[in-house]
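>>> here is my input; please provide its structure:
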Amino acid sequence: MLEILIYCVTAAAVVRCSWLLVGLVRVIPVHLRARTRKWGVPEVLTFFELPVFLAVTAVLVVRALPVPPASPISLVFAAVGTLLALAGALVSIWAIATTVRRRVILDAGHFVKKEHPLVTGGAYAFVRNPMYLGIILLWFGIAAAFQSRVLLVVAAAYVVPVLWFYIRAEERMMLSEFGAQFEEYVRRVGRLLPRLRRRAV
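Modelled structure (predicted):
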């Protein structure tokens, strides 16, 4: 059972890597065609997460990261990690599907494409940043399943703060592009956690 759970976590990481690689291939041509693009400290810091995640996934695939010894506690951690990792992958896939339906393909970096609508349905009606939520869940899922203190520190001390910094920068860009429409969206939908009810205006 432990091996099956570890396999599921690894599969979730591989799924994310598939769209990461597509995004990296597309990043230069997409940014050249964008009507607004932004590269600064938040973007550079966050960009490093991509090769780090690819490297971690490669380590998982070749089984270079030791699997914890079979025990009841290992099974619990693996089950929690699997739930987090699969939730992260599913939320991210939902976000991608939502944007594809609006004819907007998600790519790496901060930019607004020509004819880019503000997407507020599907996964984006749940939280404003479902892709980043998915990334965070994946990192913590892997760390939990493998009981890795190193990965836990990377997730908590690097991934979460850098993504938070990145999200804030992205939302300033979106506010500049979409104005009152984005402000109203912010009032309705939480950044990374769903709101139980709409914030008072």
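>>> confirm residue 134 sits in a helix?
Yes. The assignment for residue 134 by DSSP: H, G, I helix; E, B strand; the rest coil puts it in a helix.
>>> that one and residue 73, how far apart?
Computed as CB to CB, to the nearest Å, the residue 134 to residue 73 distance reads 27 Å. Heads up, the C-betas are built off the backbone N, CA and C, glycines and all.
>>> residue farthest from the centroid of this structure?
Most distant from the centre of the chain: residue 71, at 30.6 Å, with distances by CA atoms, centre = their mean.
>>> backbone phi and psi for that residue, please?
phi -170, psi 160 (degrees, to the nearest 10).
>>> what separation do you get for it and residue 77?
10 Å.
>>> one step back: distance check, the residue farthest from the centre of the chain against residue 180.
With CB to CB as the criterion, residue 71 and residue 180 are 55 Å apart.
>>> return the distance of stretch 136-150 from the chain's centre.
Its chain's C-alpha centre and that of stretch 136-150 lie 14 Å apart, by CA atoms, centre = their mean, to the nearest Å.
>>> buried residues, that stretch. List them.
136-148 (16 or more other CB atoms under 10 Å).
>>> any idea how far stretch 43-63 is from the middle of the chain?
On CA atoms, centre = their mean, the centre of stretch 43-63 falls 13 Å from the chain's centre.
>>> ok, now which ones touch the residue nearest to residue 168 when sequence neighbours are not counted?
Take residue 168 and drop its neighbours on the chain: the residue closest to it by CB to CB, 6 or more residues apart in numbering is residue 42, 7.5 Å away. Counting by CB atoms under 8 Å, 6 or more residues apart in numbering, residue 42 touches 110, 162, 165-166, 168-170.
>>> just the closest of those residues to residue 101, please.
Nearest to residue 101 out of the contacts of residue 42 is residue 170 (CB to CB; 20.9 Å).
>>> could you give the number of residues near the closest one?
Residue 170 has 21 neighbours, counted by other CB atoms under 10 Å.
>>> model confidence over the top helix by length along the chain, on average?
With secondary structure taken from DSSP state H, the chain has its longest helix at helix 2-33. For helix 2-33, the mean pLDDT works out to 82.
>>> what about it, distance to the chain center?
In terms of CA atoms, centre = their mean, the centre of helix 2-33 is found 10 Å from the chain centre.
>>> buried ones in it?
2, 5-6, 8-10, 12-13, 15-17, 19-20, 23-24, 27, 30-31.
>>> for residue 83, give me its contacts.
residue 141.
>>> farthest pair within the buried residues of stretch 136-150?
136 and 147 (18.4 Å).
>>> output the below-cut-off pLDDT ranges for the chain.
Segments of the chain classed as low confidence (criterion: pLDDT under 70) are 26-39, 105-115, 197-201.
>>> can you rerun that using 90?
1-2, 18-48, 50, 70, 96, 99-119, 169-170, 172-174, 176-178, 195-201 (pLDDT under 90).
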